[in-house]
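Chemist: sequence and predicted structure below; questions after.
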Amino acid sequence: MKKNYILFLFVTVLGLSISSCSSDSDNDDNASIVGKWEILQYGIGPIDHEIFTDRVNVTECGKDYIEFLSDGTYKIILFSKHKEECYTIENNGKYIKNESTLSLIKYIQDSEHIIESEPANSEIIVLNKSTLKIRILTKTEKETVSQISIFKKI
């Protein structure tokens, strides 16, 4: 149950909503999103008032990560353990990075075909050689909620 919550939070933080643009001085024009990124922290709350939580790996089997490949695809690897046996859960799809926007399109397998989800967009707040920080904005009836994930390159 806890692993499903973490998987849901991880995927949600990566892309469920429409985003806006940003220009942040912490960005490095030469930095690439390609590579493996381990989640360090995530936060949720009103814009600029998010409450952050350190990411705690729940298993000694490995650290969960997302990997952006140079061919425009990504994979999310989540580690879990059941009855002393380690296993991984993998989600994948393709990504589109345009300046300060990152869109993830998840591959969904039905009985005969692979279907692409609607793009899930996030705002890139920071991208440099060691840090990726993204924000997803979700509008509710009462307010706009910000979800931020901070990753380190591994």
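Modeler: Here it is on my side, so go on. Because the structure is predicted, anything quoted here is derived from the model rather than measured. Numbering: from 1, shown residues only.

Chemist: any idea how far P46 is from K129?
Modeler: 30 Å (Cβ to Cβ, to the nearest Å). Just so you know, the C-beta spots here come from the backbone N, C-alpha and C atoms, and that holds for glycine as well.

Chemist: for K36, same thing?
Modeler: Taking Cβ to Cβ, one finds K36 at 13 Å from K129.

Chemist: any idea how far T53 is from V126?
Modeler: For T53, the distance to V126 (Cβ to Cβ) stands at 18 Å.

Chemist: these two: who's more crowded?
Modeler: Neighbours around T53 and V126, counted as other Cβ atoms under 10 Å, are more numerous at V126. The numbers are 20 against 11.

Chemist: name the helix or strand for the more buried one, please.
Modeler: V126 is part of strand 120-127 when elements are defined by DSSP states H and E.

Chemist: which residues touch S130?
Modeler: By Cβ atoms under 8 Å, 6 or more residues apart in numbering, the contact list for S130 reads K152, K153.

Chemist: okay, it: pLDDT?
Modeler: Reported pLDDT at S130 in the predicted model: 96.

Chemist: the strand holding V126: how far from the chain's middle?
Modeler: Distance of strand 120-127 from its chain centroid, counting by Cα atoms, centre = their mean, to the nearest Å, is 9 Å.

Chemist: now it - C-alpha only, CSV.
Modeler: Provided in CSV are the C-alpha atoms of strand 120-127 (Å, rounded to 0.1, in the frame of the first residue of the first chain):
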residue,chain,number,x,y,z
ALA,A,120,1.6,15.7,-18.6
ASN,A,121,3.3,19.0,-18.4
SER,A,122,5.6,20.5,-15.8
GLU,A,123,7.7,23.6,-15.4
ILE,A,124,11.4,23.3,-15.2
ILE,A,125,12.5,25.6,-12.4
VAL,A,126,16.1,24.5,-12.1
LEU,A,127,18.2,22.4,-14.5
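
Chemist: now the helix or strand harbouring Y74: buried residues?
Modeler: If you go by DSSP H and E, Y74 is part of strand 73-82. Within strand 73-82, the residues scored as buried using 16 or more other Cβ atoms under 10 Å are Y74, I76, I77, L78, F79, S80.

Chemist: so what are the sheet partners of it and their directions?
Modeler: Take DSSP bridges as the rule and strand 73-82 pairs in its sheet with strand 65-68 (antiparallel), strand 85-98 (antiparallel).
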